[in-house]
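[1] Sequence and predicted model, in that order:
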Amino acid sequence: MKIRITNKSNNQNPSYQTSGSSGMDLRAFIPSSIILSPGERALVPTGLYLEIPEKYEAQVRSRSGLALKKGITVLNSPGTIDADYRGEIGVILYNSSKKSYEIKPSERIAQLVFARIVKVNFENSLVKKLEYDIPEKLSKLILAKTQTRSYGAVLDLGCGTGLLGNYVKDKCEYLEGIDISQMMLNKAKEKQIYDSLKCVSITNYLAKANLCFHNIVATDVFIYIGELSQIFYYIKKQSKISGHFSFSTEHSNKDNYYLEKSGRYSHSRDYIERLCLEHNFELKYFQLQNLRKEKSGYIKGGLYILSF
């Protein structure tokens with residue numbers, strides 16, 4: 001693969017040191033030394049400009065020797081240079097040691113690695129191939145069973161790419177989504193339907209939040225979580241107003257929750273009812289139905305609407 005490069009520095013173009021090398025050295029393009037104090041970071045220019053082909057990226061990584069011996073690392077390693085970026089390559093160096101470090105002109109400061117990228121479409125796979133329509137069904141059930149015309153303020157737990165948001169955005173006053181995947185949140189942000197998106201785990205968020213939501217919703221989230229008691233506890237404890245907690249689960253005929261061979265958790269209705277009693281929720285509605293299609297057939301699941 002050939003890549004066009006503009007080199008405005010007085011250093012040679014990056015090159016592989018051996019036939020087995022994966023990365024090329026990036027050198028500092030600075031007029032004089034930079035002193036990096038302990039705990040300090042600095043953006044170090046390289047004087048290099050790349051024209052990366054589509055479907056590829058360049059990654060800026062720490063040099064292992066510099067990291068091990070001196071504690072100097074690339075702060076956002078690996079930093080990504082997208083194919084459509086045409087600016088100068090800069091390296092964010094961080095001093096994790098207890099001693100100041102001198103970055104000298106032309107010093108090797110990082111590694112440059114090229115990689116092919118694969119772009120995915122999360123929603124098409126889930127919605128079309130798996131016949132997944134739980135966000136749509138649950139959003140309709142919430143209005144029908146709570147006998148309201150508006151969702152009010154909505155908290156979307158594990159919002160992913162924003163499938164639920166598609167169905168509630170026009171009838172809610174405020175929509176907030178949280179998820180542990182920044183990649184998913186980036187897809188949700190592109191839709192411009194959420195008032196707020198946060199990259200955080202559900203329990204960490206609930207433990208610290210002052211919840212003022214009329215509807216708290218989790219679709220296809222609890223398949224990744226076995227014990228739900230902590231989530232019920234925090235929703236009840238941190239909620240400042242009354243509302244509804246609606247969610248889907250994979251259905252289990254066992255007494256509790258169960259880790260299936262698929263690696264996903266299933267939850268029984270008895271288990272959810274015990275949590276309701278323990279944390280003072282009222283089970284307003286339950287519906288057993290198909291969640292999604294898999295090779296072995298349809299996965300059965302439960303749709304729940306609780307009041308608190």
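    Good, I have the coordinates. Because the structure is predicted, anything quoted here is derived from the model rather than measured.

[2] which residues in the stretch 101-250 of the chain form helices?
    Under the criterion DSSP state H, counting those that start in this stretch, the stretch 101-250 of the chain contains helices at 122-124, 134-146, 163-168, 182-190, 202-208, 229-238.

[3] mean confidence for the helix or strand containing residue 266?
    Using DSSP states H and E, residue 266 sits within strand 265-267. On average, the pLDDT along strand 265-267 is 93.

[4] sorry, back to before: and the helices of the stretch 101-250 of the chain, which is most packed in?
    helix 163-168 (a mean of 22; mean count of other C-beta atoms under 10 Å). Where C-beta positions appear, they are placed from N, C-alpha and C, glycine not excepted.

[5] quick one on the thing from earlier: run me through the strand neighbours of the strand holding residue 266, direction for each.
    strand 244-251 (parallel), strand 257-259 (antiparallel) (DSSP bridges).

[6] okay if I get those as a markdown table plus mean neighbour count and distance to residue 209?
    Shown next, in a markdown table, are the strands paired with strand 265-267 (neighbours: other C-beta atoms under 10 Å; distance: least, C-beta to C-beta, whole Å):
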| stretch | mean neighbour count | distance to residue 209 |
| --- | --- | --- |
| strand 244-251 | 23 | 14 |
| strand 257-259 | 15 | 24 |
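
[7] residues in contact with the residue nearest to residue 96 when sequence neighbours are not counted?
    Distances taken as C-beta to C-beta, 6 or more residues apart in numbering place residue 71 nearest to residue 96, at 4.4 Å, with adjacent residues excluded. By C-beta atoms under 8 Å, 6 or more residues apart in numbering, residue 71 lies in contact with 95-99, 101.

[8] With residue 10 instead?
    Applying C-beta under 8 Å, 6+ apart, the residues near residue 10 are 29, 47, 106.

[9] Quick check: phi and psi at the first one.
    Phi and psi for residue 29, reported as degrees, to the nearest 10, are phi -110, psi 90.

[10] quick one on the thing from earlier: out of the contacts of residue 71, who's the most crowded?
    residue 95 (22 neighbours; other C-beta atoms under 10 Å).

[11] Correct me if wrong: that residue contacts residue 35.
    No - the pair residue 95 / residue 35 is not scored as a contact, 9.5 Å apart, by C-beta atoms under 8 Å.

[12] Pull the distance from the strand holding residue 266 to the chain's centre.
    23 Å (C-alpha atoms, centre = their mean, to the nearest Å).

[13] Tell me which residues of it come out buried.
    265-267 (16 or more other C-beta atoms under 10 Å).

[14] For residue 188, state which of those residues is nearest.
    residue 265 (23.6 Å; C-beta to C-beta).

[15] Mind listing the residues bridging to the closest one?
    With DSSP bridges as the rule, residue 265 is bridged to residue 259.

[16] same deal with residue 41?
    residue 94.

[17] Report the contact partners of it.
    The contact partners of residue 41, by C-beta under 8 Å, 6+ apart, come to 75, 92-95.

[18] biggest separation within those, which pair?
    92 and 95 (11.5 Å).

[19] Is residue 13 in contact with residue 6, as I believe?
    No - using C-beta under 8 Å, residue 13 is not in contact with residue 6; the gap is 10.1 Å.

[20] on that earlier part again, who touches both of residue 95 and residue 35?
    Joint contacts of residue 95 and residue 35 (C-beta under 8 Å, 6+ apart) are residue 101.

[21] how is this protein carved up into domains?
    Split into domains by automatic domain parsing, the chain comes to 4-116, 122-307.

[22] Just name the most buried of those domains.
    It is domain 122-307: most buried of these by mean count of other C-beta under 10 Å, with a mean of 17.

[23] which stretches of the chain aren't confidently modelled?
    119-131, 296 (pLDDT under 70).

[24] hang on, the earlier thing: can you identify the element that follows the strand holding residue 266 toward the C-terminus?
    Criterion used, DSSP H and E; the element after strand 265-267 is helix 269-279.

[25] Need the overlap of contacts for residue 13 and residue 6.
    Joint contacts of residue 13 and residue 6 (C-beta under 8 Å, 6+ apart) are residue 48.

[26] so who does the residue positioned nearest the centre of the chain touch?
    Centrality entry for the chain: nearest residue to the mean C-alpha point is residue 181, 1.2 Å, by C-alpha atoms, centre = their mean. Residues near residue 181 by C-beta under 8 Å, 6+ apart: 160, 199.

[27] Make TSV out of the helices of the stretch 101-250 of the chain and add distance to residue 303.
    Below are the helices of the stretch 101-250 of the chain laid out as TSV (distance: least, C-beta to C-beta, whole Å):
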stretch	distance to residue 303
helix 122-124	20
helix 134-146	6
helix 163-168	13
helix 182-190	22
helix 202-208	19
helix 229-238	17
